[in-house]
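**Q** this one's structure only:
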């Protein structure tokens, strides 16, 4: 590898252009801040350079490993004061052991901070984040984070690596499962709800049941090229500000306590070395006051990006504004040398150390380092009955009815069902990837849920197919916690058995999709159809002539065109968590009327991705005329998605009246009121997510064909109608222009309201200059 002088690298990074966006003013110092500053000033005055560097060291100890490297010599380093935080250790017993080592055996007795990957629940596991987003229920999403905070703090944790707010528009990317989908407005509202849930409404982290959230992955990680994890990201600043950065900014404004850098490079500079990102944008423009940690071994991995030696990348990261090194230990090994050479300054080290110590102060660790270390509290808190009940309810809210021809659903509790599919009796898969401390043995499978809900119903099970048949895929999954059960019978034997079971039943319920290991980190899939012989199984079941109900489990949008054409009903359940089977049974039997709406577009075929609703038009948009050649279109498939953003059915039907506006012309400081009447025109009570979209018809730069600007989830009894009111404040019309100025431009706009991004009614209005 070519060795680049460190001074040249630092100069190049310092010359990176700075966006001229609005700068957030620094908050006024409070009496609490002054007290914290006085305490930390006194502590840092006693610290050696080595001990300050030690606070920048985050090590992995304990139950889980999320990368190829594990920390070494941890005990000795804790005793020397060379560890600032620990992750992958939880439970009061394990946490107390390490905390006592730091407090009793290190020179200055500085407490450790304990973090963990609590992504969609801790012990009680909720639906994966993409499923939570599909609920469009901010109260339920916040409640899931609140329960996760209650449980994780009872298990000794101070800090959770969540929420993940990366906008993702490529279904091949495995980590699409961990975020809220493709839309920046919805993603921003969910980011705020998650921060409130973890940190409490007042962000008082000294409370024993609040936990510090960690915003990730900063930034643009969901736009990795080719949908391949860790891959490069390249986009204009304007696109960043308008489409990808808003959820990060929303979490910062909500008071999130920490931020994690992303693995990808941004316009050629890895996020972990990107001073424009970590200092100019995050701290100077947005006013972030917390600390920034890297992702797992991100600093040494910059060598593979071509950024230099270990010594150089350690300096690049610290100078960029990184405060804590997760597992890589580059700061620990090289910061003293970089201080001596002048590659980094004492001021930069002190700033990073101070931010780590401030986080510990805000967490109350200096006042009482054992505040969250109580075996008694753990035993009375973890998986409380009310948490389990909430998990069931929230799981139901996350499910999306994608198809329901001839009222195939809900099912009757009489007669017989053929329950078929490789996921029908799987407890491990229902809690999904990134299920952390969740115990899948305590999860409810679909079979268990159906049998419990309808004890008088005859249910006959057949596996029908393995989850996958490709040996390379199976080897990769099994090597990293796949925990798959592979049937040794041939596909033909398994399908034959399934057909026999189906022929003797009234209806077929096929539970198909991905295993939990097929989505999440390092789980990109180039082919996003049903894996293995599952499609062949479904075709054989269709041939029986029996009603065919599909229950999908997956961590991403799938390309399921055949399934959509041939199944009688399709219920998207994602990976629904601890209470998955009971929640699925509630929906299938009609005890709960599904109300979820997808937040990531489903393609017809993988060749359409990346696919998202809020795209821009070309100069030659395709208008639907099949023989038009010189248009932006495919030869072999339409441009249309299989299911558009915001789509989801119900066991009832809803109709929308024509939206009305408070004014047809508004000035730049005025708020526009939009009213629409929604009626439940079916025979069942149900919830509908009314969605409001906006289009700026003419701009100084090309604008999206529509952008979500509001939504309301409303319960309507059968026959009931309600008039909903949306308020479009002046900022809703603004965007970052080519000069990165956040402004609204006078001209024509359209408001669109409906049940999804495709099926809307439009009314125009005009914005005039004053």
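**A** Everything's here; your move. Predicted model, so just to flag it, every value in this text is computed and none were measured.
**Q** How far away from the center of its chain is the helix or strand hosting residue 472?
**A** Assessed by DSSP states H and E, residue 472 sits inside helix 471-479. Helix 471-479 has its C-alpha centroid displaced from the chain centroid by 25 Å (CA atoms, centre = their mean, to the nearest Å).
**Q** got the buried residues for whichever helix or strand comes after it?
**A** Proceeding N to C from helix 471-479, the next assigned helix or strand is helix 491-503, under DSSP H and E. Within helix 491-503, the residues that count as buried by 16 or more other CB atoms under 10 Å are 491, 494-495, 498-499, 501-502. (C-beta placed from N, C-alpha, C; glycine too.)
**Q** Likewise for stretch 36-53?
**A** For stretch 36-53, a neighbour-count test (16+ other CB under 10 Å) marks 36, 40, 43, 47, 51-53 as buried.
**Q** before we move on, back to that, turn the buried residues of helix 491-503 into TSV, including distance to residue 724 and pLDDT.
**A** Formatted as TSV, the buried residues of helix 491-503 follow (distance: CB to CB, whole Å; pLDDT from 0 to 100):
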residue	distance to residue 724	pLDDT
491	50	97
494	49	98
495	48	98
498	46	98
499	48	98
501	46	98
502	44	98
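**Q** The stretch 351-500 of the chain: helices as residue ranges?
**A** Shown for the stretch 351-500 of the chain, the helices assigned by DSSP state H, counting those that start in this stretch span residues 375-381, 385-398, 427-430, 446-453, 471-479, 491-503.
**Q** the inter-axis angle of the second one versus helix 446-453?
**A** Between helix 385-398 and helix 446-453, the angle comes out at 110 degrees (axes from the mean of the first three to the mean of the last three CA atoms, to 10 degrees).
**Q** what about helix 385-398, average pLDDT?
**A** In this model, helix 385-398 has an average pLDDT of 98.
**Q** for that helix, packing partners?
**A** The elements that helix 385-398 packs onto, with contact taken as 3 or more CB pairs under 8 Å, 6 or more residues apart in numbering; DSSP states H and E, are helix 129-134, helix 138-154, helix 580-588.
**Q** So which of those helices has the densest surroundings on average?
**A** helix 129-134 (a mean of 29; mean count of other CB atoms under 10 Å).
**Q** Which single one of the buried residues of helix 491-503 is nearest to residue 702?
**A** Comparing the buried residues of helix 491-503 against residue 702 with CB to CB places residue 491 closest, at 49.1 Å.
**Q** I'd like to know how far the residue nearest to that closest one when sequence neighbours are not counted sits from residue 717.
**A** Nearest non-adjacent residue to residue 491, counting by CB to CB, 6 or more residues apart in numbering: residue 533, 4.5 Å away. Note on residue 533: its distance to residue 717, by CB to CB, to the nearest Å, is 45 Å.
**Q** So those two - more neighbours on which side?
**A** Counted by other CB atoms under 10 Å, residue 533 and residue 717 do not tie: residue 533 has more neighbours, with 22 against 11.
**Q** Contact partners for the more buried one?
**A** 465-466, 469, 491, 494-495 (CB atoms under 8 Å, 6 or more residues apart in numbering).
**Q** Just put the residues you listed in JSON lines and tack on distance to residue 396.
**A** Shown next, in JSON lines, are the contacts of residue 533 (distance: CB to CB, whole Å):
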{"residue": "465", "distance to residue 396": "27"}
{"residue": "466", "distance to residue 396": "29"}
{"residue": "469", "distance to residue 396": "33"}
{"residue": "491", "distance to residue 396": "34"}
{"residue": "494", "distance to residue 396": "31"}
{"residue": "495", "distance to residue 396": "31"}
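**Q** any idea how far residue 703 is from residue 737?
**A** 10 Å.
**Q** Of these two, which one has the most company?
**A** Shown here are residue 737 and residue 703; by other CB under 10 Å, residue 703 has more neighbours (20 against 17).
**Q** For that one, which non-adjacent residue is closest in space?
**A** Per CB to CB, 6+ apart, closest to residue 703 is residue 696, 4.3 Å.
**Q** Return the residues in contact with that neighbour.
**A** Applying CB under 8 Å, 6+ apart, the residues near residue 696 are 703, 733, 735, 745, 747, 749.
**Q** Report the beta-bridge partners for residue 572.
**A** Counting by DSSP bridges, residue 572 is bridged to residue 400, residue 552.
**Q** Please look at residue 474 and residue 484 and confirm they touch.
**A** Yes - using CB atoms under 8 Å, residue 474 is in contact with residue 484, at 6.7 Å.
**Q** Show me the shaky parts of this structure.
**A** Low-confidence segments of the chain (pLDDT under 70): 1-29, 63-70.
**Q** Domain ranges for it, per the record?
**A** For the chain, automatic domain parsing gives the domain ranges 384-599, 654-767.
**Q** Return the most buried member of those domains.
**A** Greatest average neighbour count among those goes to domain 384-599 (a mean of 21), per mean count of other CB under 10 Å.
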